[in-house]
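how does the following fold in three dimensions:
(one chain, ligands or ions: 1)
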Amino acid sequence: MTKRSIYVAYTGGTIGMQKTDHGFAPVANFLTGCVKAMPEFYHDEMPDFVINEYSPLIDSANMKPTDWQMIANDIKAKYDQYDGFVILHGTDTMAFTASALSFMLQGLQKPVIVTGSQIPLAQLRSDGQTNLLNALYIAANYPVAEVCLFFNNKLFRGNRTTKVHADGFNAFASPNFPLLLEAGIKIRWHAGKRAKFDPKLELQVAKISPQPIGVVTLYPGINTEIFENILLQPVKALILLTFGVGNAPQTPELLKTLKQAHERGIVIVNLTQCLQGRVNMDGYATGNALAEAGVTSGYDMTTEATLTKLHYLLSTDMTPDEIRAAMKVSIAGELTAD
Ligand SMILES: NC(=O)C[C@H](N)C(=O)O
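Numbering: from 1, shown residues only. This is a model prediction of the structure:
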C-alpha cells in the first residue's frame, strides 16, 4: 500500500525556535534539521511528509490577515499533491489562524491540522514532538474534512478554540464544542462531530483583506466616551465583550451611541466575556436594550472566530445588514444558535 503524503508548512512559532540574546526566536532550517534527527518521525507507521519552511519565520504575535491569506493560498497550491496538511504555527495566535482558515478554505475535503508547541522541539521536555507526530499521524489516518487544531493530545475544531493557558501544555480549549478526537493509549475518535465529506465540493479560497474592527471588554462603570472614540475611527465592526448572557449597563448615552453607529452601517456583535455558554439578549432587560440598539448576537462564538468571520464577511461586497444576518448563522461550524 502506498503511504499517505502530508504537506507540513512551518510558519514560525516556538516549536522551531532557538534561544537568542533577546529571547526565543525562530531560526531558518532549524526545525527541519531537528525533525530529520528524530527517528520516530520515520517509523513504518508514519506517513511520508515534506516540510516547507516559510521565509521569514515569525513569532505568531506578528501574524496578520495577509499571512492567513498566504497560508490558505499555499494549501490551495499544494492541494492535489497531498493527502493532508499540517500547519506549524506559534500558539499565541494559533486559534485566530485556525479560525480564519476555516472561513477561507471553502469546500475543504482533506484534513488541515494546525499545531505547534510551548517548548521548542530541540529542548528537553518539549511538547513539540508529540504534537507534530500526532498531527501527522491523524492527518494521514483520520478523515477530517475541516480545519482542526491539535494540542496536548486533543483534536479540536479550529474555529471553536481559544488559548487558555499561557505556559501550560494544556494551552487550548474548545469551550462550546466537543473534542473531535483524543489521543490516549487508544485514539478516541468522535466521528459524529466532524464535518461531513462531500466529494462534489472543490476547494475555493476566499480572499480576505485587513479590516478595521474594534473589540471592547465591558467593565463596571465603563465610560461611553470610550465607545464614542472607538466608533469615530474608520471601524466597520465592533465586538462587545459583555457580561453573562450578553448584558451591558443600560446607560442611555451608551445605547444611543451604539444605535447611531449601527445606523451608520457599523456591525456590532455581542459576545459574552464568559468562557462558556452563549449570548441570549432576550434573557434580561440589560441585554434586550442592546438588541434594540441594533446589536447582533454572536451566540457562542469565540472572539477569534468572530473577528476572523468579520474579516471574511467584510472582505465581500455584502451590505451591513447581510453581514449582520450572516454573523448569526454557522458558516464553518463556528456557532450553535440554539
Ligand atoms: N508557544 C508559542 O509558539 C508562543 C510564541 N510566542 C508564538 O506564538 O509564536
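
drop to CA atoms for contacts and neighbour counts, all remaining ones
Fine.

where does residue 145 land in three-state SS?
With DSSP: H, G, I helix; E, B strand; the rest coil as the basis, residue 145 sits in coil.

thought it was touching residue 201?
No - contact criterion CA atoms under 8 Å: residue 145 and residue 201 do not qualify, at 11.0 Å.

neighbour-wise, which of those two wins?
residue 145 (19 against 11; other CA atoms under 10 Å).

where does the residue nearest to residue 303 when sequence neighbours are not counted sit: helix, strand or coil?
Spatial nearest neighbour of residue 303, excluding adjacent residues (CA to CA, 6 or more residues apart in numbering): residue 271 at 7.3 Å. Residue 271 carries the three-state label strand when classified by three-state DSSP.

who does residue 271 form a beta bridge with?
For residue 271, the beta-bridge partners are residue 241 (DSSP bridges).

quick check: it vs the ligand, distance?
Distance check for residue 271 against the ligand: by CA to the nearest ligand atom, to the nearest Å, it reads 24 Å.

so what's that residue up against?
Taking CA atoms under 8 Å, 6 or more residues apart in numbering, we find residue 271 in contact with 239-242, 246, 278-279, 297-303.

and if you look at residue 26?
Contact partners of residue 26, counting by CA under 8 Å, 6+ apart, are 12, 13, 14, 16, 17, 18, 57, 58, 59.

likewise residue 103?
206, 308, 309, 312, 331, 332.

thought the fourth one was touching residue 208?
Yes - between residue 312 and residue 208 there is a contact at 5.4 Å, judged by CA under 8 Å.

anything in contact with each of the two?
residue 104.

between the contacts of residue 26, which is nearest residue 2?
Nearest to residue 2 among the contacts of residue 26 is residue 16, at 29.5 Å by CA to CA.

residue 90 versus that closest one, what's the distance?
Residue 16 sits 9 Å away from residue 90, going by CA to CA, to the nearest Å.

neighbour count: those two, which is higher?
Neighbour comparison, residue 16 and residue 90: the larger count goes to residue 16, with 33 against 29 (by other CA under 10 Å).

now that one: closest residue in space that isn't a chain neighbour?
Nearest non-adjacent residue to residue 16 (CA to CA, 6+ apart): residue 31, at 4.5 Å.

report pLDDT for the one you found.
For residue 31, the pLDDT comes out at 97.

tell me if it really is in a helix.
Yes - assessed by three-state DSSP, residue 31 belongs to a helix.

test my guess that it contacts residue 117.
No - taking contacts as CA under 8 Å, residue 31 lies outside contact range of residue 117: 12.0 Å.

for those two, list the residues in contact with both.
With CA under 8 Å, 6+ apart as the test, residue 31 and residue 117 both reach residue 15.

neighbours around residue 257, how many?
17.

right, I mislabeled it, should have said residue 123
13.

contacts only, for residue 118.
Contacts of residue 118 (CA under 8 Å, 6+ apart): 14, 15, 91, 126, 127, 128, 167, 168, 169.

grab the nearest non-local neighbour of the second one.
If the residues on either side of it in the chain are set aside, residue 15 comes closest to residue 120, at 4.2 Å by CA to CA, 6+ apart.
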